[in-house]
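In: sequence and predicted structure are below.
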Amino acid sequence: MSAPHVLLAEDFPEFMKRLLALLEPVGLNLTPATNGEEAIDYLQDLGNPLHLLVTDLDMPKRSGWHVIEALRKHRGAGLPVIMQTGEASYPWVKVQARELGIVLIDKTDVEHRLVPAVREALGLDG
């Protein structure tokens, strides 16, 4: 089986580097998107492979909620979503994430929680 494809939507270049550094050792095909619009463009092209979406909440040119809406519209409800955001502790964000069935990770916890969450979402061992 080929490596799973993960779309990473994150607008801060330094944080994107951090995400890539954490996920590259897992052996995934990683596609970075620097804003919500770029992520949505990727999702709309059904020729682009995708197994998981990892998105920020606050991004220019469309929020993470818009990206998730586009994912569900163009790819169905079956693909897993992880949202990493500095707003993860806000009650309204927690409620929305729960209603959408997505994994929510605070940006301060990505070093500890992102790789295990990605492995679980993709059904990878170890």
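Out: Great, that's in hand.

In: what sits against the spatially most central residue of the chain?
Out: Closest to where the C-alpha atoms of the chain average out (Cα atoms, centre = their mean) is Val54, at 0.8 Å. Val54 makes contacts with 6-10, 19, 81-84, 114, 118, as judged by Cβ atoms under 8 Å, 6 or more residues apart in numbering. In this view, the C-beta of every residue, glycine as well, is placed from N, C-alpha and C.

In: doesn't it fall inside a helix?
Out: No. Counting by DSSP: H, G, I helix; E, B strand; the rest coil, Val54 falls outside a helix, being strand.

In: just use 407 as the starting number from now, easier for me
Out: Got it, the first residue is 407 from now on, which makes the last one we talked about Val460.

In: can you give me the buried ones in stretch 420-427?
Out: By neighbour count with 16 or more other Cβ atoms under 10 Å, stretch 420-427 contains the buried residues 422, 424-425.

In: what does stretch 500-510 give?
Out: Result for stretch 500-510 [16+ other Cβ under 10 Å]: buried residues 502-503, 508-510.

In: who is the residue nearest to the centre of the chain paired with across the strands?
Out: Leu414, Ile488 (DSSP bridges).

In: okay, Asp531: pLDDT?
Out: Here the pLDDT value assigned to Asp531 is 77.

In: now do the SS call for it.
Out: Asp531 is classified as coil under three-state DSSP.
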